[in-house]
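Engineer: My questions concern the predicted model and sequence given below.
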Amino acid sequence: MASKSVRVSKDSVNKFQGRTIEIVVGDEQRVYGVHEGLVRSSSPFFDKALAGKWKESAQRTVQLPNDEPKIVALYIHWLYYGTLPVFCDELVEIGNSEYLDLAKAYILGDKILDTLFQDTVIDAIIEKSRSTAQDGHRWYPDGAVLDYAYHNIAESAQILELFVDMYVTKGNSSWLQEWTDPTHIPQPFLLSVASKLLDRRAVSKEPLEALIYHIHGRNHDK
């Protein structure tokens, strides 16, 4: 069988050139190695930390003590491969856990100023929402995901607008009723959903009938 030649792009080769640095993550001090040129060209945060006479530059180490190792691992995977490993066919419990990880990844992207990574996270969330899970349904971010997002992401962030649009275009009232504790539904989220629904709603030309709102209803004997 004749072999096929594979053309390797210059950009792919450059990813593996140059020196590496260490990223030390979380309380457990998990260490990840990454090529310095790759991470600095993608993240202004890392570029500044490793420039000049900063301690990080001398030690070739950047500390991220408040981040989760698995989320930083997602970022490094994206740096080298340009994709995020999203499993779109998992059951709802696992699926929402993954939505939560993607929300955390978006937060990491904001912290390290890597907007291209944040855009990839958005792509992954949309791809996941469009895919059918093992149970035959399409699942969207639940209350735990939204609660975390609204408590940890700036209200102007595009990811929050995406979550709102998911509920406005695809949701129904049961989505809100399924929250473990409805009092924890973020008020900015509810306000955004209500505002967009009102804007999208066609203006009805039918007059309001008082009888509809009577306690005894339409069939009350006169």
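Structural biologist: Happy to help now that I have it. No experiment lies behind these values; they were computed from the predicted model shown. Numbers count the residues shown, from 1 in each chain.

Engineer: going forward, measure contacts between C-alpha atoms and count neighbours the same way
Structural biologist: Noted.

Engineer: residue ranges of the helices in the chain, please?
Structural biologist: For the chain, the helices defined by DSSP state H cover 10-14, 36-42, 44-49, 55-59, 69-81, 92-111, 115-130, 143-152, 158-170, 173-177, 187-200.

Engineer: per-stretch mean pLDDT over the ones you listed, give me the minimum one.
Structural biologist: Among those, helix 10-14 carries the lowest mean pLDDT, at a mean of 55.

Engineer: just checking, V39 touches L79?
Structural biologist: Yes: using CA atoms under 8 Å, V39 makes contact with L79 at a distance of 7.2 Å.

Engineer: which one of these two has more residues nearby?
Structural biologist: Neighbour tally, V39 and L79, criterion other CA atoms under 10 Å: the higher count belongs to V39, 21 against 18.

Engineer: Return the distance of S43 relative to K70.
Structural biologist: Between S43 and K70 the computed distance is 18 Å (CA to CA, to the nearest Å).

Engineer: more neighbours, these two?
Structural biologist: More crowded of S43 and K70, by other CA under 10 Å: S43, with 19 against 14.

Engineer: That one contacts D114, correct?
Structural biologist: Yes: the criterion here is CA under 8 Å, and S43 meets it with D114 at 4.9 Å.

Engineer: which non-adjacent residue is nearest G33?
Structural biologist: E22 (4.6 Å; CA to CA, 6 or more residues apart in numbering).

Engineer: R30 too?
Structural biologist: In space, and not counting its chain neighbours, R30 is closest to V24: 5.5 Å by CA to CA, 6+ apart.

Engineer: Show the pLDDT at that neighbour.
Structural biologist: You'll see V24 listed with a pLDDT of 96.

Engineer: Next up, the contacts around it.
Structural biologist: Contact analysis of V24 by CA atoms under 8 Å, 6 or more residues apart in numbering lists 30-32, 61-65.

Engineer: Now flag whichever of these is closest to L160.
Structural biologist: Of all the contacts of V24, L160 sits closest to L64, with 24.6 Å by CA to CA.

Engineer: need the contact list for the closest residue to the closest one other than its chain neighbours.
Structural biologist: Take L64 and drop its neighbours on the chain: the residue closest to it by CA to CA, 6+ apart is V25, 4.8 Å away. Contact analysis of V25 by CA under 8 Å, 6+ apart lists 31-32, 63-69, 72.
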